[in-house]
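S.K.: Sequence below, structure please.
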Amino acid sequence: MAGDLADGFAHECAIRDSYARRLMDFRPQERLIRTELTFPEAGLRADMKTVDTYNVLRVWEFKIQADYNGLGQVLTYLAMERKGSPGRQVRAVLAAFEFADSIVEANEILNLGIEMITLPSMLRRAGTVPSQVVDTENIPFIPLAAEAAES
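M.R.: As a prediction, this is how the structure comes out:
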């Protein structure tokens with residue numbers, strides 16, 4: 001289980017790093033401040049911090065599939081950044097390939113103001129995330145031409 005979690009984080013970090021390198025392409029009005037933003041008082045790290053041309057700070061959380069855990073994380077980072085940046089406008093961004101309907105609805109109903117960004121599918125390659133989940137037990141065996149000739 002711990003290995004699976006570490007692999008998941010490695011994928012998310014690779015996707016975040018790829019997004020950060022191309023931030024100008026995706027969000028031309030924003031600049032990268034840093035990745036792995038540490039909140040020492042809580043021992044937590046947000047994935048990324050940016051600032052836009054209006055001087056608005058954004059704290060980011062990247063997920064493969066965003067659910068209530070990602071929502072809780074980004075809300076916590078938002079609170080910590082607002083505490084550490086008094087007088088600054090700070091917003092939260094949750095970036096993922098897919099979002100659970102429940103968190104999209106919670107964001108809207110509760111008026112949380114979290115930006116939910118659907119990541120471009122091309123970034124799946126950065127984290128070696130498949131474009132779709134495949135049930136490997138139901139994939140038929142198709143012999144190569146050389147194997148078929150030997151039979």
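
S.K.: could you say which helix or strand contains the residue most central in space within the chain?
M.R.: The centre of the chain sits closest to Phe62, judged by Cα atoms, centre = their mean, with a distance of 1.7 Å. Per DSSP states H and E, Phe62 falls inside strand 57-66.

S.K.: re the thing from before, wait, the residue nearest to the centre of the chain touches Ala96, no?
M.R.: Yes: contact between Phe62 and Ala96 holds when scored by Cβ atoms under 8 Å: they sit 7.1 Å apart. In this view, the C-beta of every residue, glycine as well, is placed from N, C-alpha and C.

S.K.: anything in contact with each of the two?
M.R.: Common neighbours of Phe62 and Ala96, using Cβ atoms under 8 Å, 6 or more residues apart in numbering, are Leu119.

S.K.: show me the contacts for Ser85.
M.R.: Leu57.

S.K.: Give me the distance between it and Val56.
M.R.: To Val56, Ser85 is 11 Å away according to Cβ to Cβ, to the nearest Å.

S.K.: re earlier: can you give me the offset of the strand holding Phe62 from its chain's centre?
M.R.: Distance of strand 57-66 from the chain centroid (Cα atoms, centre = their mean, to the nearest Å) equals 4 Å.

S.K.: Could you list every helix and strand in contact with that strand?
M.R.: In terms of contacts (3 or more Cβ pairs under 8 Å, 6 or more residues apart in numbering; DSSP states H and E), strand 57-66 is packed against helix 2-21, strand 30-39, strand 44-52, helix 68-84, strand 90-99.

S.K.: Would you mind giving the orientation angle of the last one with respect to helix 68-84?
M.R.: Strand 90-99 runs at 170 degrees relative to helix 68-84, counting by axes from the mean of the first three to the mean of the last three Cα atoms, to 10 degrees.
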